[in-house]
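> just to be clear, the model below is a prediction. Sequence and coordinates:
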Amino acid sequence: MTTIEGIIVNTEGQNRRRIEIDDSGIITKVAEPTGVADVVFKDELIFPGFIDLHVHAREDQSGTQIYKEDFVTAGEAAINGGVVAFAEMPNNPVPPVDDESYNIKKELTKKSDVEIILYAGIGQQTNPLAQNVPYKVFMGQSIGDLFFATREDLENALAKYEGKNISFHCEDPATLNECCDRDTHEHKRPPEAEILAVDFALELIEKYNLKGRICHCSTKEGVEMIIDAKKRGVNVTVEVTPHHLYFDESMFTESNHTLFQVNPPIRQTIENRLYLIQALKNGDIDQLGTDHAPHTRDEKEKGISGLTHLDTYGNIVAWLIKEHNFTPQEITRVCSENPAKFINECTTNKYGRIEEGFVGSLTVIDMNKKILIESANLKTKCKWSPFLGVEFPGSVVATIIKGIPYQSKA
């Protein structure tokens, strides 16, 4: 048994408690503190472990992209950032699109120290799997070959997935095609591409009774459409990324423009960025997901899209608390409880709360321990971050996986 004492945070409040975790990694008791435990935290905040629903770990049965990241290093980066479980995207060279390819990839995830839930990919010729899994659909071309060129093709494919749990990458293929000759990455993928795609995704979610999730929404207009859809009973949630919360178009320079290329792009105004932060704080946006997409610096210089974030998940949390007045309870909602509602349908473990019967995987943040992000304190294999040189106001000091404490550096 492992015992931990400190200030625990659930969505309804925070207080000092003693947590008892049995040898199987499950919380058996949360009670008044005694002052004696295996680990005692003083002023640090103990959260239900953070869950990232949007990670590209780059490993599949081909092994052709593990020079960027694999399930071991992705797990190490997750622990470093306070993430105790994550959901991994299917746009691999060999995508998991049926039970056989899904199970082969699932076996590879077992080398990680954190739990990994896999999305299955949806393509024009795919069908639902026999097992209960979440799915990812790329509405327009991004990284990989799983995408749709027309709305008609997309709807024909999704009609087979009625009632399933489907996450959407929302960029309208017709708009991307119309804008492909424009001068910059941001102009080639304008806000309208996302807004039109979100509108169509909501139509499909409602029409086919899907459990819908909109990934990395970056526009105020897109979020507002999702809010309206929720009000009329559409079963949909929405995610925002650290880069769309932290960066905006005013921060681009000649030297960082290519490095910061990502889909959907960082092309929002300051006002749009602040709107996204407020929408996350007040609950209109449901989850903070990183879209961790590790590529080498050489690949980034050549214009490949994607940013790395797993190592710095907890640092962004500290920034939201210190700089944007998020309460610890609000953080628990968007980083623990809401993501847990998603993955708890696909795992035997129960995540999202610090209470009896839930998994003893926890994230501990010291809000008074500043950190400067450097390559040396990153665990991702590609060893870079869009936050290199940024000082954050707080740090992850421990990530506890089923009662086992890991020290973090980022």
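On my side now, so go ahead.

> got the contact list for N127?
Going by CB atoms under 8 Å, 6 or more residues apart in numbering, N127 touches D98, K160. Backbone N, C-alpha and C define where each C-beta goes, glycine included.

> for the protein, what spans make up the helices?
Taking DSSP state H, the helices of the chain run over residues 71-80, 99-108, 151-158, 173-178, 185-188, 191-207, 220-231, 242-246, 270-282, 297-301, 313-324, 328-332, 338-343.

> export these to a markdown table and tack on mean pLDDT?
Below are those laid out as a markdown table (pLDDT from 0 to 100):
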| stretch | mean pLDDT |
| --- | --- |
| helix 71-80 | 98 |
| helix 99-108 | 98 |
| helix 151-158 | 93 |
| helix 173-178 | 91 |
| helix 185-188 | 92 |
| helix 191-207 | 97 |
| helix 220-231 | 98 |
| helix 242-246 | 98 |
| helix 270-282 | 98 |
| helix 297-301 | 94 |
| helix 313-324 | 98 |
| helix 328-332 | 98 |
| helix 338-343 | 98 |
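
> can you list these in CSV and add distance to I51?
Listed next are the helices of the chain as CSV, based on distance: least, CB to CB, whole Å:
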stretch, distance to I51
helix 71-80, 10
helix 99-108, 18
helix 151-158, 26
helix 173-178, 30
helix 185-188, 30
helix 191-207, 22
helix 220-231, 20
helix 242-246, 15
helix 270-282, 15
helix 297-301, 27
helix 313-324, 10
helix 328-332, 11
helix 338-343, 4
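
> looking at these, which is closest to V30?
With CB to CB as the measure, helix 328-332 is the member of these nearest V30 (14.6 Å).

> can I get that closest one in CSV? Just the C-alpha atoms.
Output of helix 328-332 as CSV, limited to C-alpha atoms (Å, rounded to 0.1, in the frame of the first residue of the first chain):
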residue,chain,number,x,y,z
PRO,A,328,-7.7,24.4,-9.3
GLN,A,329,-11.3,23.1,-9.5
GLU,A,330,-11.7,24.5,-13.0
ILE,A,331,-8.4,22.8,-14.0
THR,A,332,-9.6,19.5,-12.6
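
> what about the closest residue to I104 other than its chain neighbours, how many residues nearby?
Excluding its sequence neighbours, the residue lying closest to I104 (CB to CB, 6 or more residues apart in numbering) is Q61, at 5.0 Å. By the criterion of other CB atoms under 10 Å, Q61 has 14 neighbours.

> likewise for T175?
Residues lying near T175 (other CB under 10 Å) number 20.

> nearest spatial neighbour of it, skipping sequence neighbours?
In space, and not counting its chain neighbours, T175 is closest to A193: 4.1 Å by CB to CB, 6+ apart.

> residues near that neighbour, how many?
Neighbours around A193, by other CB under 10 Å: 26.

> what about it, distance to D172?
A193 is 5 Å from D172, where distance means CB to CB, to the nearest Å.

> spit out the residues that contact the two alike.
Joint contacts of A193 and D172 (CB under 8 Å, 6+ apart) are G140.

> between the helices of the chain, which one is closest to F260.
Nearest of the helices of the chain (CB to CB): helix 242-246, 7.6 Å.

> so what secondary structure elements neighbour that closest one?
Packing partners of helix 242-246 (3 or more CB pairs under 8 Å, 6 or more residues apart in numbering; DSSP states H and E): helix 270-282, helix 313-324.

> and it, how far out from the chain middle?
Chain-centre distance of helix 242-246: 12 Å, with CA atoms, centre = their mean, to the nearest Å.

> thanks again, I'm all set now.
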